[in-house]
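Peer 1: Here is my input; please provide its structure:
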Amino acid sequence: MKKILLVCAAGMSTSLLVNRMKQHAEQLEEEIEITALPVAEAGTIAAEADIVLLGPQVRYQKSQVESMAGDVPVAVIDMRDYGTMNGEAVLEKALQLIK
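Peer 2: The predicted structure is shown next:
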């Protein structure tokens, strides 16, 4: 099972994106665990994920999250995909980065 962690400011808007990503994962018949947490709580599970995705609003904290994540890749979600809540595009990009 793949684990994706989305990191944002407070977790509100990202929860909608998580739901859309989960819908796409079901269509792909992939078993993927997707979690969203604020930056302040991300350190608890960042190193256990396969990839950590940052919301565009917290991209300035990328180096901080990278230090929490260890060897786990950290990427910033495309602003357009985030703004339109394009769960399909965000999930596809995450899966590419995991491989």
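Peer 1: Is there a neighbour count for A46? I'd like the number.
Peer 2: By other CB atoms under 10 Å, the residues close to A46 number 21. All C-beta atoms are positioned from the backbone trio N, CA, C, and that covers glycine.
Peer 1: my guess is it meets A69, correct?
Peer 2: Yes. Between A46 and A69 there is a contact under CB atoms under 8 Å: 4.2 Å.
Peer 1: Show me whatever sits in contact with both of the two.
Peer 2: Common neighbours of A46 and A69 (criterion: CB atoms under 8 Å, 6 or more residues apart in numbering): V52.
Peer 1: contacting residues around the helix or strand encompassing L17?
Peer 2: Assigned by DSSP states H and E, L17 falls within helix 12-28. Helix 12-28 is contacted from outside by 4, 6, 8, 31-32, 34-36, 55, 77, 82, 85-88, 90-92, 94, using CB under 8 Å, 6+ apart.
Peer 1: next helix or strand past that helix?
Peer 2: Using DSSP H and E, the helix or strand that follows helix 12-28 towards the C-terminus is strand 32-38.
Peer 1: between that following strand and helix 12-28, what angle do the directions make?
Peer 2: 180 degrees (axes from the mean of the first three to the mean of the last three CA atoms, to 10 degrees).
Peer 1: What strands line up against strand 32-38, and which way round?
Peer 2: Strand pairing for strand 32-38, using DSSP bridges, gives strand 2-8 (parallel).
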